[in-house]
Structures are given as C-alpha cells and as structure tokens.
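*Asks:* Got a predicted structure here, sequence first:
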Amino acid sequence: MPFPVPTFPRRVALVLLTLSASSVQAGEIYSWKDANGRTHYSDVKPELAPVKKIPTPPPASAGRSAAGESAATKPVENDDPETAFRKRREAAIAADAKADKERQQAALAKENCDAMTAQLTALRSGERMARYNSAGEKEVIDDGTRAAEITRLERNVAASCK
C-alpha cells in the first residue's frame, strides 16, 4: 500500500512559487532583439545585446495611490471572453429597452399633440359645441369659454408639440 503524499510540501512549493513571481514583478524588465530579429523579454539584463528597460508598475504593497485608494480596493477587470460577452449582451438589451421606451414616449407625445391640435381646430371652427359637466348634464360652450379653451390649448400645443 503506497503512502499518501503529504500536502505540506505542495503548499510550501506553492507559497515559494507565488513569492518568487511577485519578486520578479517588482524587478526591472529588459527587452532586446537577438541576431535573428526575435524580441526577448527578461528580468536578467543580457551582456552583449543593446537593451531597452521596460517600465514596470509599482507592486501592490506600495501603499495608497495618489487618489487615496489602495490597489486592493480597485475593481479588477475580468478578461474572460464569456464575461465580456455577457456584459456586451446586457448593455445591448438595456440600450434596446431604452430606445423602445423612447419610441413609446414619442408615439404618446405625438398622439397627445394630434388630439390637442384636433380640439383646437374644432374650437376655432366656430360651430356650436357642448360638453358634459360634473353632474352629467350637457352644457353648451359660450364664446367666453371657447376663447379661454382656445388660449389654453394654444399654450399646450406650443409647449408639447415641438
């Protein structure tokens, strides 16, 4: 019966690997081209080739940034294609919903404008008109009421029908 491999050495190796990766990030990065024209990147400066030093970002433990936020509190962007696709799809759905709502509001505004314009035209025609009061009785509109309604509708049409 074989012995189980202890997980302790694996954990130690993982911690050491993580620490070594962060120390590489904190160092300087060099770029150079070899004799075949290939570009190389390394944290070790080559002796024979002319190199360019690549600026590296400060390590995450450098403290607070100028804005007062630590690197740990900034949101991390996920480069996962599936997540990016979902975000684009949600944005497209939201944009379609917004455009549909704007179309509905424009259609309602046009309908209201057409109704007010038709009422204004009918009032200006001079023909005899009547309406029902709150008691349900029919009242004939006199000239004073007609002029007041025409003035009110002209203001509403000017404000609403642009």
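*Replies:* Yep, it's here.
*Asks:* CA atoms for contacts and neighbours, from now on please.
*Replies:* Noted.
*Asks:* in stretch 137-156, what's buried?
*Replies:* Across stretch 137-156, burial judged by 16 or more other C-alpha atoms under 10 Å covers 146, 149-150, 153.
*Asks:* do the same with stretch 108-123
*Replies:* 113, 116-117, 120, 123.
*Asks:* Can you lay out those as a markdown table showing distance to Asp80?
*Replies:* Shown next, in a markdown table, are the buried residues of stretch 108-123 (distance: C-alpha to C-alpha, whole Å):
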| residue | distance to Asp80 |
| --- | --- |
| Cys113 | 49 |
| Met116 | 54 |
| Thr117 | 55 |
| Leu120 | 60 |
| Leu123 | 64 |
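*Asks:* so which of the buried residues of stretch 137-156 comes closest to Lys33?
*Replies:* Distances from Lys33 to these, taken as C-alpha to C-alpha, are shortest for Leu153 (78.7 Å).
*Asks:* all strands for the protein, in order.
*Replies:* Under the criterion DSSP state E, strands of the chain are mapped to 29-33, 39-42, 52-54, 130-132, 138-140.
*Asks:* Burial-wise, tell me which of these comes out on top.
*Replies:* Most buried of those by mean neighbour count (mean count of other C-alpha atoms under 10 Å) is strand 29-33; its value is a mean of 17.
*Asks:* what ranges do the helices span in the chain?
*Replies:* Counting by DSSP state H, the chain has helices at residues 7-26, 81-124, 143-160.
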